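Visitor: Show me how the following folds:
(one chain, ligands or ions: 1)
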Amino acid sequence: MDDKVKIRCPACARVFREKAGRIRDGVQVNCQNCNKLITLTKETEDPFLRKALKAARELRAAQDAAVFAATYSRAATAPKREMP
Ligand SMILES: [Zn+2]
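Guide: Below is the predicted model of the structure:
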């Protein structure tokens, strides 16, 4: 599963990828192309950064769902009680 989201640098306009686990509201990341410090906040005017935050949140939710599904499928394979 791809755990990275794309971030468009507001300074050089190039796209780089960062792990979704790192992308949270208020977090700062360096652009991998021009090394500019980018502050990721949902209050940003930059629609690309807002999109990156949203994508990261959705990706983490999907990962949580995958963990839940794996846990549930293990429970489902446990011996079941016979119905009367
Ligand atoms: Zn840049």
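
Visitor: Mind jotting down where the helices sit in the chain?
Guide: Ranges of helices within the chain are 47-76, based on DSSP state H.

Visitor: Contact residues of it facing the ion?
Guide: Contacts of the chain with the ion, taken as C-beta under 5 Å from the ion, map to 9, 11, 12, 31, 33, 34, 36. From N, CA and C alone the C-beta is placed, and that goes for glycine too.

Visitor: got a winner among the residues you listed for most neighbours?
Guide: When neighbours are taken as other C-beta atoms under 10 Å, the top entry among the residues of the chain next to the ion is residue 9 (21 neighbours).

Visitor: Just to check, it is in contact with residue 38?
Guide: Yes: counting by C-beta atoms under 8 Å, residue 38 is a contact partner of residue 9 at 6.4 Å.

Visitor: The residues of the chain next to the ion in strands, which ones?
Guide: Among the residues of the chain next to the ion, none falls in strands (DSSP state E).

Visitor: Now render those residues as a markdown table, adding pLDDT.
Guide: Output for the residues of the chain next to the ion, formatted as a markdown table (pLDDT from 0 to 100):
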| residue | pLDDT |
| --- | --- |
| 9 | 97 |
| 11 | 97 |
| 12 | 98 |
| 31 | 97 |
| 33 | 97 |
| 34 | 98 |
| 36 | 97 |
